[in-house]
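Novice: give me coordinates for this.
(one chain, ligands or ions: 1)
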Amino acid sequence: MKKPNLAIVGATGLVGSTFLEVLEELDFPFDNLYLMASAKSAGKVIHFKGKDYVVEELNEHSFDKDIDIALFSAGGDTSKKYAPIAAAHGVTVVDNSSAWRMDPEVPLVVPEVNPQDIAWNKGIIANPNCSTIQAMVPLKPLHDKYKIKRVVYTTFQAVSGSGLKGIEDLKQGLEGNDRCVAYPHPIAGNCLPHIDVFTENGYTKEEMKMVNETKKILGDDSIQVTATTVRVPVFSCHSESINLEFEKPYELEDVKEILSKAPGLHLVDDPENNEYPLARDVAGKNDVYVGRVRRDFSAENALNIWVVADNIRKGAATNTVQIAQLLLNEEK
Ligand code: A2P
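Specialist: The predicted model follows:
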């Protein structure tokens, strides 16, 4: 591909603005860049890589221009409506919303895990849910070696996953004002076992995303997955306790060796010196961090791990930009 023309849909949002940071950090090549958002932001100027860009209102004609790749993070409804319009104009959309993730015609991609799946895209590629992405990076190499039978996720998710309103609820809560705009209860001093809406089976949508997306990304419907997702009073980074049962027996040292060599993953596991991945250390980083790697002695071939990543970076913007990088390489 020549240097692509890029569009960012939702450029004024938390994830959209992080797209710009990551594009710059990864030195992503592009020719023209178009920044799009709602009517509210039209005309706003965003300075990027030494140039001023004027934000345009997204509309049905936004993709009449010569655009090669569009990174979307403007909510599910916007993606449902505009991603097909973009794709019909020959644009490849990488979409950060949940709108297309479980569509069988749409690849759901974590570049370290299933980069090959971009080959069958029909104009839309989905970026998985933030809590699923960070789990896939350690699970993939372990699944390849020992075949995962069952996964139990328990997540501790940052308020930045709810956008600026979640951050504001926590900020004000820490100052003694129990603002409840993003959540049904105060988040400061609390743990809310409730992310996204409840579904008929008693799980939340967030939990069901982890269940369904794990199977799709690993390409294995036989894996049994359950999840409890919890919002915690942390600004950045999701932390996850993951319990795994394998079909095959394993040696703990082999597991650590595999995790220490896996792409996009860092093993931080020295409990004697109080070293394990922590949200405050991982904030702002693009990779995934794993520690507390230990045998679960309560079941056969079972393992516990602790996984931390920046939900706005690897959980959203970084993974999306990395998918766009795969598109560049594919065309070379
Ligand atoms: P705007 O800032 O103009 O409202 P966040 O996830 O941080 O809330 O950001 C959402 C992003 O999606 C923002 O850039 C927002 O633009 C954009 N957005 C929301 N609704 C629409 C829409 N209907 N059309 C285009 N962009 C939208």
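Novice: got a pLDDT number for Thr155?
Specialist: pLDDT, Thr155: 99.
Novice: what residues does the helix or strand where it lies touch?
Specialist: Assigned by DSSP states H and E, Thr155 belongs to strand 148-157. Strand 148-157 is contacted by residues 130-131, 135, 139, 142, 191, 195, 206-207, 210, 214, 218, 220, 223-232, 234, 238-247, 301, 311 when judged by CB atoms under 8 Å, 6 or more residues apart in numbering. For the C-beta atoms, the positions are set from N, CA and C on the backbone; glycine is no exception.
Novice: let's see 6 Å
Specialist: With contact meaning CB atoms under 6 Å, 6 or more residues apart in numbering, strand 148-157 is reached by 131, 210, 223-232, 238-245, 247.
Novice: now stretch 229-243
Specialist: Defining contact as CB under 6 Å, 6+ apart, one finds that stretch 229-243 is touched by 131, 152-158, 160, 170, 187-188, 191-193, 195, 206-207, 279, 282-283, 304-308, 310-311.
Novice: need the strands for the stretch 201-332 of the chain, in chain order.
Specialist: For the stretch 201-332 of the chain, strands defined by DSSP state E, counting those that start in this stretch occupy the ranges 224-231, 238-246, 265-267, 288-296, 302-309.
Novice: switch the ones you listed over to CSV; also include mean neighbour count, mean pLDDT and distance to the ligand.
Specialist: Below are these laid out as CSV (neighbours: other CB atoms under 10 Å; pLDDT from 0 to 100; distance: least, CB to the nearest ligand atom, whole Å):
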stretch, mean neighbour count, mean pLDDT, distance to the ligand
strand 224-231, 20, 99, 16
strand 238-246, 22, 99, 16
strand 265-267, 20, 98, 27
strand 288-296, 20, 98, 22
strand 302-309, 23, 99, 18
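Novice: the residue of the stretch 101-250 of the chain found nearest the ligand - how many residues pack around it?
Specialist: Using CB to the nearest ligand atom, Gly163 is the residue of the stretch 101-250 of the chain that sits closest to the ligand, at 4.1 Å. Per other CB atoms under 10 Å, the neighbour tally for Gly163 reads 15.
Novice: before we move on, back to that, could the strands of the stretch 201-332 of the chain be laid out in TSV, adding distance to Asp117?
Specialist: Below are those laid out as TSV (distance: least, CB to CB, whole Å):
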stretch	distance to Asp117
strand 224-231	19
strand 238-246	22
strand 265-267	19
strand 288-296	19
strand 302-309	21
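Novice: Ile312 and the ligand, how far apart?
Specialist: Per CB to the nearest ligand atom, to the nearest Å, Ile312 is found 10 Å from the ligand.
Novice: show me the contacts for that residue.
Specialist: Going by CB under 6 Å, 6+ apart, Ile312 touches Thr18, Ser160.
Novice: report pLDDT for it.
Specialist: In this model, Ile312 is scored at 98, pLDDT.
Novice: tell me where the chain has helices.
Specialist: 14-25, 76-88, 130-146, 164-174, 205-218, 252-261, 279-282, 318-331 (DSSP state H).
Novice: check these for me and report the most buried one.
Specialist: Compared across the helices of the chain, helix 130-146 shows the largest average neighbour count, a mean of 24 (mean count of other CB atoms under 10 Å).
Novice: using CSV, write down the CA coordinates of that helix.
Specialist: Extracted as CSV, the C-alpha positions of helix 130-146 are listed here (Å, rounded to 0.1, in the frame of the first residue of the first chain):
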residue,chain,number,x,y,z
CYS,A,130,-10.7,-4.2,26.2
SER,A,131,-10.8,-6.9,28.9
THR,A,132,-10.7,-9.7,26.3
ILE,A,133,-7.8,-8.2,24.4
GLN,A,134,-5.4,-8.3,27.3
ALA,A,135,-6.4,-11.8,28.3
MET,A,136,-5.8,-13.2,24.8
VAL,A,137,-2.1,-12.2,24.8
PRO,A,138,-1.0,-14.6,27.5
LEU,A,139,-3.7,-17.2,26.8
LYS,A,140,-2.8,-17.8,23.1
PRO,A,141,0.7,-19.3,23.6
LEU,A,142,-0.6,-21.4,26.5
HIS,A,143,-3.5,-22.6,24.5
ASP,A,144,-1.1,-23.6,21.6
LYS,A,145,1.0,-25.7,24.0
TYR,A,146,-1.4,-27.1,26.6
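Novice: what packs against it?
Specialist: Secondary-structure packing of helix 130-146 (3 or more CB pairs under 6 Å, 6 or more residues apart in numbering; DSSP states H and E): helix 205-218, strand 288-296, strand 302-309.
Novice: how about the residues of the stretch 151-300 of the chain by the ligand?
Specialist: Residues of the stretch 151-300 of the chain lying close to the ligand by CB under 6 Å from any ligand atom are Gly163, Leu164.
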